[in-house]
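Novice: mind folding the following:
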Amino acid sequence: MSGQVDAGWSAPPFGIEALRKGEIRVIVRATDLPSVKNHTVRVNAANLASLQSRPDVYVRFGRAYRETIDWMYATEDALKVYAEFAGVSVDVARQIRQEFDPKEMVQPDRVLGLDDIMADAVRIRYISQPLTPEQVKELVQIR
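Specialist: As a prediction, the model looks like this:
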């Protein structure tokens, strides 16, 4: 290390070994920030025509997705799979799951902060005006 004070952003598993050795420290986690904690940060998107023509496929996908999340946070087997995929130990995988990626942040049925996001989209000219309630209902379809 250079001896200088520096701050950066990372996502596990990057930096976990340095954190465990005390070479770096966590100043703040994304889940501590209201802009993350109070807003949906992960979504699944589908083409509307496909969603309308094959609703059974999307219902099955959603069910499987929810079951997978439940499995990921309930079993040691999931930790072993992630550890192998990420090239880390099971202990590191457990630490990542506990400290950096809480289950509530990956729930597919949770949509938070849409009004804030629309206001930002209007401000930076991605959209000309906020979506109507009808447009939001069409955009956000949770089955």
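
Novice: rest of the way, CA atoms for contacts and neighbours
Specialist: Fine.

Novice: just give me the neighbour total for residue 122.
Specialist: Using other CA atoms under 10 Å, the number of residues around residue 122 comes to 15.

Novice: check which helix or strand it maps to.
Specialist: Residue 122 is part of helix 114-123 when elements are defined by DSSP states H and E.

Novice: repeat that for residue 79.
Specialist: Using DSSP H and E, residue 79 maps to helix 76-86.

Novice: for the chain, name the helix or strand with the lowest mean pLDDT.
Specialist: Lowest by mean pLDDT, DSSP states H and E among the helices and strands of the chain is helix 34-37, with a mean of 80.

Novice: other residues contacting the helix or strand just after that one?
Specialist: Next along the chain after helix 34-37, taking DSSP H and E as the criterion, comes helix 48-53. For helix 48-53, contacts defined as CA atoms under 8 Å, 6 or more residues apart in numbering pick out residue 58.

Novice: follow-up on the earlier one: with just CA atoms, put the helix holding residue 79 into CSV.
Specialist: C-alpha atoms of helix 76-86 as CSV (Å, rounded to 0.1, in the frame of the first residue of the first chain):
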residue,chain,number,x,y,z
GLU,A,76,-24.4,-24.5,2.6
ASP,A,77,-24.6,-26.1,-0.9
ALA,A,78,-25.2,-22.7,-2.4
LEU,A,79,-22.1,-21.4,-0.7
LYS,A,80,-20.0,-24.2,-2.1
VAL,A,81,-21.3,-23.5,-5.6
TYR,A,82,-20.6,-19.8,-5.3
ALA,A,83,-17.2,-20.4,-3.7
GLU,A,84,-16.2,-22.7,-6.6
PHE,A,85,-17.5,-20.2,-9.2
ALA,A,86,-15.8,-17.2,-7.6
